[in-house]
Each structure stands twice: as structure tokens, then as C-alpha cells.
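> Dropping a prediction and its sequence here:
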Amino acid sequence: MAPSRIFLRVSLPFAAVGFINQASRIVVATVGPAMALEFGLSASGLGALAAVFFAAYALAQLPIGLAIDLHGARRVQMLLALVAAGGFLLCALAADPLWLAIGRCVTGLGVAGALIGLMQANRQWFPAWRLAAMTGAGVFLGAAGGLAATWPAQAALPLLGWRGVFLVLAGLAVLASAWIALSVPRQAPGPAPPPRRPLRAEIAEFGRIFGHPVFLRTMPAIALLSGLVFTYQGLWAGPWLRDVGGLGDAARAGVLLCYALGIMAGQLLGGQLASALQRRGVDPMRVPYAGIAAMAALQAVLIAGPQGITTLSLVWFGFACVGSVGPISYAVLAQRFPAELTGRVATALNFSMLVLVFLLQTGIGLILDLWPRTAAGGWDPAGYGWALALTLLLQGLTVAWLVAGPAPRMRPTG
């Protein structure tokens, strides 16, 4: 089958789940102010509401990675997309913050395997040197869900309300499940997988992954790079633009649209560059390493409190773009383990990153609550500056750990 046909039949349906995933992450940043008003949520309450999604997402990572390795991405993702639809429906019908939190939790479970399913399917259908590029392209298209959850969702609010937005997402999740069922072949090419071992032995492989020196040295820096993007995309970029940038609803949605475009650009261009480097025998991890350095510089810019919609659009576009090269490392590191561990390697990284997102989203809310609310109902700009300073310090520590000593290399497989 030609690569373009494989992408259309295999990668694109999984990218549709990525679309749902990205939309579910960002939608609270767009409709969050409306929900906060209806339910009387504080900054820490809104932060916890966003963070519970990532907590469920994180807790589901390791079981989903194991399930995808054992049962295949097609079967697992068909089921999970329907779970996500149920979570969106619970949000739309929520009568109080508790049910809203339950809905967000169920949604987090449903979209938790989006990236992992795409990666596993691509590794089965494409040669190793194409993996970063094809995964980047699929994530790029899936990231269009981030676009849909910014300006389009903001524009739909007067007509549908925030509950109607969640109903639309529920319908799209059902369609994504059906697309995978109808399009993705039941059998992947290549040799048959190794004989199934006892479940205990399969679970024990996580210890091998988490304990490997390359994983231990690389994970903190990569997890923080990706985690910063999701922390602000999922919640705090919108309030920052209101309270520090001084932007109204329409302007804020426009900058969040630029943020989503930055994510798409980083994932597509970063994946293509990493594959080009790998094909030439150059370490593709140079791409996320460069992203780490750029992210540190942009955090320093944000601490200074830039103003003006053009400047803010460029800064937040850049923030999202350089941070979005982090998932490239998932595709690169997964190749350095046996193919039957692809799902578990990727979910080990994703689990680590999402635990960090949960802590960051909640922690930023707690920092902001140290200052009195402003007259307009927002949070003090000083709190945002301290939060960014803290994450910049954390990033410096992860870089120090990354370069603390030579890590043993692992030869690529597959």
C-alpha cells in the first residue's frame, strides 16, 4: 500500500481521535469563564477542574499502553472514543461542579490513548525513519481540534452555550470511533507479534522502561517541555491574556487561536525535521533539545508582561510551537525499545508528563490565590509572574539533570 494511502486509511482516523483530544484539553480555557460564573468557581477550583481531566488522563496511560500493545490500537481506540463521548455528555448535563468534574474525568480516560494509538499504528505501517514525520503530521491534523476549541467555540457560545459545545464534542467522538472501525484494517503488516506472555510479565516491562538510564535522564526535561504547553493551553493562557495582557473575549480567543496554530506548526515542522535528521544519521533528539532552550527564553519574555495583541500573538505562538516538539521524542525513544513495547514506552513518557501537568495546573491556581482578586474579578498579574518564574527554575533544573553526565546510548530497533 502506498504511503499516502496508508496515511489516509490508518493515520488519519487515529488523528481524528487526536482532534477530540486536543479540543477536550483546550475547551475549558475557552468556556471556563462561563462555567466559573455559573458555578461560582475560584481560581483553585477552576484549576482543579482542569487538572482532574489530566489526572484521569495520566492514571489511564499505563493501562492503555499495555492494552494497545496487547490488543492493538484499532480495538482499543474504538472503545475509548465512545468513553470520551460519554464524558462530554456528562459535562453537558452536569447540574453542579461535582458532575462536571466527573464528566471531565471520564473524558480524560476516553482520550488518553490518542497519541499512543497513532504512534503504534504508524510504527506498524511505516519504516522507522518515517515514524517521526508521519506521527508529527497526524498530530498536526489532530491539533486542529485545538483550533476548533478557540475562536469557533467562542463564537458558538452565544448560540449553543457551554453545554452545547460539549454536546457537539460528544457527537464528534462517536463519529471518530466509527471512522476507525470502517477504515483501519484489522491486520497490520509485518511479522506476527511474539507469543503472549503472562500478564504479570507484560506489566513488569514498565519497570524495565522506567528504570532505563536513557529514560531517567531524558524524561524530566521532555515532560516539562510538553507539560508547559498543555498547562497553559488547557487553562491558564486564557486567564493570563485577560489579567496580564488586558485582552477582551474576542481578542483573547484570537490569541488562543494563534496558540493552537503554534502547536500545529511545531508538531508538523518538528516531526519533518526530526525524520530528516534521522535519515541522515543525525540524532533527532536535537529538535526537542532546541525546543527546551527556546521555551526557557520565552518564559522570560512572559515574565516581563508583554502587551499588545500582535506581540502577544507572536509570543504565545512561539511558546506553543517550541513546546510542541516534545512529543517527537516519544517517537524517537520508542524506536530504541522492541516494537512490542511501543505503547508502554510512549505511555510511560505521557504518564510522567501528565502528572506534571496536574501538579502545574493546580499549583498555579494556588499561587494566584495568594493575591486578592482584582476589581474586575481576575487574578493579580504578580501571581502569574511568580508562577512563570517557578517553572523557569524547574526547567533549569531539568536541563542540569539532562547534561549532568553521559547517558548510555540505545541502538534503535525496528
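Yep, that arrived.
> Tell me the secondary structure at the residue nearest to residue 265 when sequence neighbours are not counted.
Spatially, and ignoring its direct neighbours in sequence, residue 265 is nearest to residue 321 (5.1 Å; Cβ to Cβ, 6 or more residues apart in numbering). Heads up, the C-betas are built off the backbone N, CA and C, glycines and all. Three-state call for residue 321 (DSSP: H, G, I helix; E, B strand; the rest coil): helix.
> Please tell me I have it right and residue 321 contacts residue 259.
No: using Cβ atoms under 8 Å, residue 321 is not in contact with residue 259; the gap is 9.3 Å.
> thinking again about what came up before, how much space separates the residue nearest to residue 265 from residue 208?
34 Å (Cβ to Cβ, to the nearest Å).
> more neighbours, these two?
Under the neighbour definition other Cβ atoms under 10 Å, residue 321 and residue 208 were set side by side, and residue 321 has more, 25 against 14.
> ok, the more buried one - contacts?
Listed by Cβ atoms under 8 Å, 6 or more residues apart in numbering, the contact set of residue 321 reads 262-263, 265-266.
> Kindly reformat those residues as CSV containing secondary structure and pLDDT.
Formatted as CSV, the contacts of residue 321 follow (DSSP: H, G, I helix; E, B strand; the rest coil; pLDDT from 0 to 100):
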residue, secondary structure, pLDDT
262, helix, 90
263, helix, 86
265, helix, 89
266, helix, 89
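> and which of these is nearest to residue 147?
The closest of those to residue 147 turns out to be residue 263 (Cβ to Cβ; 9.1 Å).
> quick one, what contacts the closest one?
Residues counted as contacts of residue 263 (Cβ under 8 Å, 6+ apart) are 22, 143, 146, 229, 233, 320-321, 323-324.
> Recalculate using a threshold of 6 Å.
Applying Cβ atoms under 6 Å, 6 or more residues apart in numbering, we find residue 263 in contact with 143, 146, 320, 324.
> any chance of those in JSON lines, plus pLDDT, secondary structure and distance to residue 68?
JSON lines is the format used below for the contacts of residue 263 (pLDDT from 0 to 100; DSSP: H, G, I helix; E, B strand; the rest coil; distance: Cβ to Cβ, whole Å):
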{"residue": "143", "pLDDT": "76", "secondary structure": "coil", "distance to residue 68": "21"}
{"residue": "146", "pLDDT": "73", "secondary structure": "helix", "distance to residue 68": "23"}
{"residue": "320", "pLDDT": "93", "secondary structure": "helix", "distance to residue 68": "27"}
{"residue": "324", "pLDDT": "87", "secondary structure": "coil", "distance to residue 68": "22"}
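> Most neighbours among these, which one?
Counting neighbours by other Cβ under 10 Å, residue 324 comes out on top of the contacts of residue 263 with 30 neighbours.
> Please tell me how far the residue lying closest to that residue once chain neighbours are set aside sits from residue 327.
Nearest non-adjacent residue to residue 324, counting by Cβ to Cβ, 6+ apart: residue 266, 3.1 Å away. Distance, residue 266 to residue 327, using Cβ to Cβ: 9 Å.
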